[in-house]
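>>> Give me a model of this one.
(one chain, ligands or ions: 1)
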Amino acid sequence: MCGLIGYIGNRPAQPILIDCLRRLEYRGYDSCGLALLGDGIQVYKDQGKVAELQRGLSLNNERTGIGHTRWATHGRPSGINAHPHLDCAGQIALVHNGIVTNFLRLRQQLTQEGHIFSSETDTEVIVHLIEKYYRGDLAEAVATALGQIEGSYAIIALQTGPKKLVVARNESPLLIGLGDGENFAASDAAAILDYTDRVVYLEDGDIGVITDREITIANNGHEVSRQVQQVPWTQEEAQKTGYEHFMLKEIHEQPRVIQNTLRGYLSAIEPVAPEIAANGDIAQVLLLGCGTSYHAALVGKYLLEKLAKVAVRAELASEFNYHDTLLSKTWAIGITQSGETADTLMALRKAKSLGCKTLVITNVVGSSATRIADEAFYIKAGPEISVAATKSFIAQLVAFYLLALAWARIDTSSRERLMAELRLLPNKVQQLLDGQDDIAELGEYLSRYDNAFFIGRGINLPVALEGALKLKEISYIHAEGCAAGELKHGSFALLNPHTPVVAIGAQDNTYDTLLTNIKEIKTRGTPVIALAAEGDREIDKLVDHVIWIPGTTPLLSPVVNSVALQLLAYYAARKRGYPIDQPRNLAKSVTVE
Ligand code: G6P
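Below is the predicted model:
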């Protein structure tokens, strides 16, 4: 969602804030702004990207400031609605991520008391409340104001007078970065990696005061100490390093990401889930996620049921939160790359309150989900900047292979065969990447169409759903993922020569039926692109185009197939000339319900 940055130190703040805002842009990019603190507060903000904001700035040497990139929730994207927001007197500036659910009532009340609002945002009530309660100490006023707020927030505030930043969080991510003679506040560590890798993650209810030399944090009126942690990511990982887009870079990182996720876990499968593997007390597993992470959960369901022989439910976190559910002896697993998706956090809390043991599979150390769940499984994908998830999805799949193997009720030789195939996966993905020219051509071919279907069966049905999601989110081609057997129960009405179907095959017990489905589709004159294992001579004769996939065992085929579909979507979007890393209307981390 929105990205926040704050800087206080011994260098001009403006270029640092701009630099960090660029790195935060993937969290939201419909408008942005910054406030610099000198004798007074100067605010620069507008609709559009950080690069445009930067063009309008003149040199400024102030050493304290805050910045924001916005993903609009209350009020359309515009210069007025962009953050920072100021109080009436122009003495306090604030940036915010989250949603104030009681803002209408607060706004009415503050208006009656004489506060004048200039934007349509929920955020503005916070800064007016701080103004209302200010009695000479900004942190105290922030604490009193936040006491009136219902909803979620991460905020950074500054005020004319002594140089300091006041930060606070409740259910939205915020951390403090520790430098030498300078300190930072940010919504995520990737934004400040060029400056420091030492961070303190704030907890819900924390209010911090940051100067260039020290930080103090209080919770519930009492000073607390929070551990300083080292961010396990390098600067290089958070940069494009010569690739045209982050998405392409992240796709290319996947062989190494698979290795990283496997390393340390594969040689010692048992420690992955020691209690769970031994625990006969679990009757079902509940998988919870959103978007791409939900698709990983669907693959996970298939794997756990097949290998661990346990009953598994996979649910959209946003739906799970709103229905009555029976959970007895359930192990709830949240899947979330960012560890900050509001619906997934809520679902994990709900599962916990219903007595479930909880685990989160995530990429971000210190994220909110890791503080809710009993245990965390880190997928070690490195920072993912492109809004469309790629390497985190593949790493989530690998996490599920490991989990299923840890818990597998299969004979030793089958387990060893699967482990051996897993070790070969990075090479298989690399082979596919090395031969991507044909996929690039097919991506360009697909870019000519306005609609497409993706079909799969069994463990490759979630791959079809993910392939369609990838294509639509970055190329804006309408795409639908569908169980191959379901197509003729309705969607067939839409098949014609202008609606290609991408069919995802695997050499398992679904193969023959998929071929039958392809034949049915071809009778409608519909172009078919098939993903098929190298050496498959049957499918070749039926379809218009084939993407050859390096052979692996069918159970692992979702990994290689998904990489092929990521490339297909990438090249379709590239041909159409769209902003691949920041698709319109989307955000990397959806921290509101
Ligand atoms: C957003 C992103 C998706 C992602 C989803 C869940 O919609 O654009 O790429 O799959 O959130 O994110 P999470 O961080 O929970 O995996």
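>>> Next, the contact list for Pro255, please.
Counting by CB atoms under 8 Å, 6 or more residues apart in numbering, Pro255 touches 426-427, 429-430, 433. Glycine gets a C-beta too; all of them are placed from N, C-alpha and C.
>>> Look up how far the ligand lies from it.
Pro255 sits 21 Å away from the ligand, going by CB to the nearest ligand atom, to the nearest Å.
>>> gap between that residue and Val398?
11 Å (CB to CB, to the nearest Å).
>>> Can you show me the helices along the stretch 151-300 of the chain?
246-252, 254-262, 274-278, 291-303 (DSSP state H, counting those that start in this stretch).
>>> mind checking how far the one helix or strand Ala332 maps to is from the chain centre?
Using DSSP states H and E, Ala332 sits within strand 330-336. Distance of strand 330-336 from its chain centroid, counting by CA atoms, centre = their mean, to the nearest Å, is 16 Å.
>>> is that strand up against the ligand anywhere?
Yes - applying CB under 6 Å from any ligand atom, one finds strand 330-336 touching the ligand at Thr336.
>>> quick one: least confident helix or strand in the chain?
One helix or strand of the chain scores below all others by mean pLDDT, DSSP states H and E: helix 274-278, with a mean of 51.
>>> residues near the nearest residue to Ala311 once chain neighbours are set aside, how many?
Leaving out its chain neighbours, the residue that sits closest to Ala311 by CB to CB, 6 or more residues apart in numbering is Gln284, at 4.3 Å. Counted with other CB atoms under 10 Å, residues neighbouring Gln284 total 17.
>>> swap in Glu421?
Glu421: 15 neighbours (other CB under 10 Å).
>>> Tell me which residues touch it, please.
So Glu421 contacts 552-553, 555-556 (CB under 8 Å, 6+ apart).
>>> switch to 6 Å and redo it
552-553, 556 (CB atoms under 6 Å, 6 or more residues apart in numbering).
>>> Just name the closest of the residues you listed to Val463, please.
Closest approach to Val463 among those (CB to CB): Leu556, at 11.6 Å.
>>> The closest residue to that closest one other than its chain neighbours in helix, strand or coil?
Computed as CB to CB, 6+ apart, the closest residue to Leu556 that is not its neighbour in sequence is Glu421, at 5.6 Å. Here Glu421 is recorded as helix under DSSP: H, G, I helix; E, B strand; the rest coil.
>>> Does Tyr401 belong to a helix, a strand or coil?
helix.
>>> who touches it in this structure?
Leu422.
>>> one more time with 10 Å
258, 261-262, 265-266, 299-300, 303, 307, 418-419, 421-422, 425, 555-556, 558-559 (CB atoms under 10 Å, 6 or more residues apart in numbering).
>>> Mind giving me the ChimeraX select for those, buried ones only?
Those of these that count as buried under 16 or more other CB atoms under 10 Å are selected in ChimeraX with:
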select :258,261,262,265,266,299,300,303,307,418,419,422,425,555,556,558,559
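>>> Quick check: His68 is in a helix.
No - secondary structure of His68 (three-state DSSP): strand, not part of a helix.
>>> from now on call the first residue 5
Got it, the first residue is 5 from now on, which makes the last one we talked about His72.
>>> ok, how many other residues are close to it?
31.
>>> where does it sit relative to Ile22, distance-wise?
Distance from His72 to Ile22, by CB to CB: 12 Å.
>>> and for the two, which residues touch both?
By CB under 10 Å, 6+ apart, His72 and Ile22 have these common neighbours: 9, 36, 38.
>>> Let me have those residues in JSON lines, extended by distance to Val505, secondary structure and pLDDT.
Shown next, in JSON lines, are the shared contacts of His72 and Ile22 (distance: CB to CB, whole Å; DSSP: H, G, I helix; E, B strand; the rest coil; pLDDT from 0 to 100):
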{"residue": "Ile9", "distance to Val505": "45", "secondary structure": "strand", "pLDDT": "97"}
{"residue": "Cys36", "distance to Val505": "41", "secondary structure": "strand", "pLDDT": "94"}
{"residue": "Leu38", "distance to Val505": "48", "secondary structure": "strand", "pLDDT": "97"}
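>>> With distance to Arg59 and neighbour count as extra columns, can I get those residues in a markdown table?
Putting the shared contacts of His72 and Ile22 into a markdown table (distance: CB to CB, whole Å; neighbours: other CB atoms under 10 Å) gives the following:
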| residue | distance to Arg59 | neighbour count |
| --- | --- | --- |
| Ile9 | 19 | 29 |
| Cys36 | 12 | 31 |
| Leu38 | 14 | 31 |
